[in-house]
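K.L.:
below are the sequence and a predicted model for it; my questions follow.
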Amino acid sequence: MLIKKMCIMAFAIIISVFMIWFGVPKDETSYISAIIDKHNLLADSMDDRTPRIILIGGSNVAFGIDSHMIEDYSDYDVINMGLSLGAGLKFMLSDVENYIKQDDIVVIIPEFRHFYDMLNGAMSLNQILTYTPREFIDLDYKQWLTIAEHMPRFLRYRIYEGLKSVLNIENNDEIYYRDAFDSNGDLISHLEIESEGFGSTRLFDEKGLVFDVGAIDTMNQFYEVCNRQGIDVCFSYPPIPVSEYEKWNELISEVNQNINAMLSVPIVSDIEDYIFEDERFVDSVYHLDRTGRNERTKRLINDIFNKNHEMIGYDGKTDTID
């Protein structure tokens, strides 16, 4: 009898979770809902003959790259898939696997916490799956554990989101909203905001974190899949403030050493080239302002198309961009 009651209770909890998750109205104007538009960019360009550059990462990619500048230099179409660190590196890579094709160039630019405690994501993964439920089938058990870990907080968020919908409360955030992204998937809402630094955000929450080799294994597996399809892949580093680089140098050096020792993906960048002055960041350690974004994009163009074009089989122009 006790087992039967427990089973009924467990079933009721599961039903309740899914009713709140998918039954409560979701905010179609939210920052996270832009994943829908980014998927459309990938799907709508699958049959185009123009080769594509697909940028993968969290918000460092969303905020910090000018895709139009890369297009003007390379004649590739550029799609920026950057959204949130909390999606997890594992999800970011599996998310694009069904949308990439021969002659694409995929540029992987993870955040540093993906190499420690964020390979499988955080609550952002729950949020993204609200808009892309078909991707449940691609999750592994570690991602499911991550979803379960963040479920109480996520359900509170969904209830709050539902109340906002019922009360017709609009999203008035001046940076984080769906239409803040341009036609390439770049976030542009922050470009006119005067930089006030990265506030209280940090690269890491604590010292003594354990490096997760699974992050490198995940990228290597993705690289093998792409290689078989004639898709070029390369790795670059995210931008970081100089003060955070100095504070967390031990962990950052560990990431750099392990990447250089174990990563099969061609590494086109040096970490030192992506250290920026603190005043070049807007509200987060990964969010560059307009000036920083322009400089970071130029450095990335030079890394991919000038310094290391042979690594990815690129045979277009290789002029250095100043």
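P.N.:
Nice, thanks for sending it over. Numbering: from 1, shown residues only.

K.L.:
the residue lying closest to S189 once chain neighbours are set aside - how many residues pack around it?
P.N.:
In space, and not counting its chain neighbours, S189 is closest to A180: 3.6 Å by CB to CB, 6 or more residues apart in numbering. C-betas here are computed from N, CA, C, even on glycine. For A180, the tally of surrounding residues (other CB atoms under 10 Å) stands at 19.

K.L.:
ok, now how distant is A180 from D205?
P.N.:
26 Å (CB to CB, to the nearest Å).

K.L.:
wait, isn't the residue nearest to S189 in contact with Y31?
P.N.:
Yes: at 7.1 Å, A180 counts as touching Y31 under the criterion of CB atoms under 8 Å.

K.L.:
strands of the stretch 201-322 of the chain, residue ranges please.
P.N.:
Counting by DSSP state E, counting those that start in this stretch, the segments of the stretch 201-322 of the chain that form strands are 232-235, 240-241, 275-276.

K.L.:
so can I have a markdown table of the ones you listed showing mean neighbour count?
P.N.:
Formatted as a markdown table, the strands of the stretch 201-322 of the chain follow (neighbours: other CB atoms under 10 Å):
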| stretch | mean neighbour count |
| --- | --- |
| strand 232-235 | 22 |
| strand 240-241 | 24 |
| strand 275-276 | 19 |
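
K.L.:
closest one to G86 among the ones you listed?
P.N.:
Ranking the strands of the stretch 201-322 of the chain by proximity to G86 (CB to CB) places strand 240-241 first, at 17.8 Å.

K.L.:
sorry, back to before: okay if I get the strands of the stretch 201-322 of the chain as CSV plus mean pLDDT and distance to G185?
P.N.:
Shown next, in CSV, are the strands of the stretch 201-322 of the chain (pLDDT from 0 to 100; distance: least, CB to CB, whole Å):
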stretch, mean pLDDT, distance to G185
strand 232-235, 96, 18
strand 240-241, 96, 22
strand 275-276, 97, 22
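
K.L.:
mind checking the ones you listed for the one nearest to V106?
P.N.:
V106 sits nearest to strand 232-235 of all these, at 4.7 Å, using CB to CB.

K.L.:
what's the offset of the closest one from the middle of its chain?
P.N.:
Mean-position distance between strand 232-235 and its chain equals 15 Å (CA atoms, centre = their mean, to the nearest Å).

K.L.:
ok, now stretch 127-141?
P.N.:
15 Å.

K.L.:
distance of the residue nearest in space to the middle of the chain from G23?
P.N.:
The centroid of the chain falls nearest to G58 when counting by CA atoms, centre = their mean (2.3 Å). Computed with CB to CB, the distance linking G58 and G23 is 29 Å.

K.L.:
what residues are up against Y237?
P.N.:
109, 269-271, 273-274 (CB atoms under 8 Å, 6 or more residues apart in numbering).

K.L.:
just the helices from the stretch 101-250 of the chain, written as ranges.
P.N.:
Along the stretch 101-250 of the chain, counting by DSSP state H, counting those that start in this stretch, helices occupy 123-131, 141-149, 151-166, 213-228, 242-247, 249-262.

K.L.:
what's the neighbour count on the residue lying closest to G82 once chain neighbours are set aside?
P.N.:
In this structure, G82 finds its nearest non-sequential neighbour in V61, 2.7 Å apart by CB to CB, 6+ apart. When counting by other CB under 10 Å, one arrives at 27 neighbours for V61.

K.L.:
just the CA trace of stretch 114-133, in CSV.
P.N.:
Listed next in CSV are the C-alpha coordinates belonging to stretch 114-133 (Å, rounded to 0.1, in the frame of the first residue of the first chain):
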residue,chain,number,x,y,z
HIS,A,114,32.1,25.3,-18.8
PHE,A,115,35.4,23.6,-17.9
TYR,A,116,34.4,23.3,-14.2
ASP,A,117,30.8,23.2,-13.1
MET,A,118,28.8,24.3,-16.2
LEU,A,119,29.4,21.6,-18.8
ASN,A,120,25.8,20.4,-18.3
GLY,A,121,24.3,23.9,-17.8
ALA,A,122,22.2,25.5,-15.1
MET,A,123,18.7,26.9,-15.0
SER,A,124,19.0,28.5,-18.4
LEU,A,125,18.9,24.9,-19.8
ASN,A,126,15.4,24.5,-18.3
GLN,A,127,14.4,27.9,-19.7
ILE,A,128,15.6,27.1,-23.2
LEU,A,129,13.9,23.7,-23.3
THR,A,130,10.6,25.6,-22.6
TYR,A,131,10.9,26.9,-26.2
THR,A,132,12.6,23.9,-27.8
PRO,A,133,11.0,20.8,-26.2
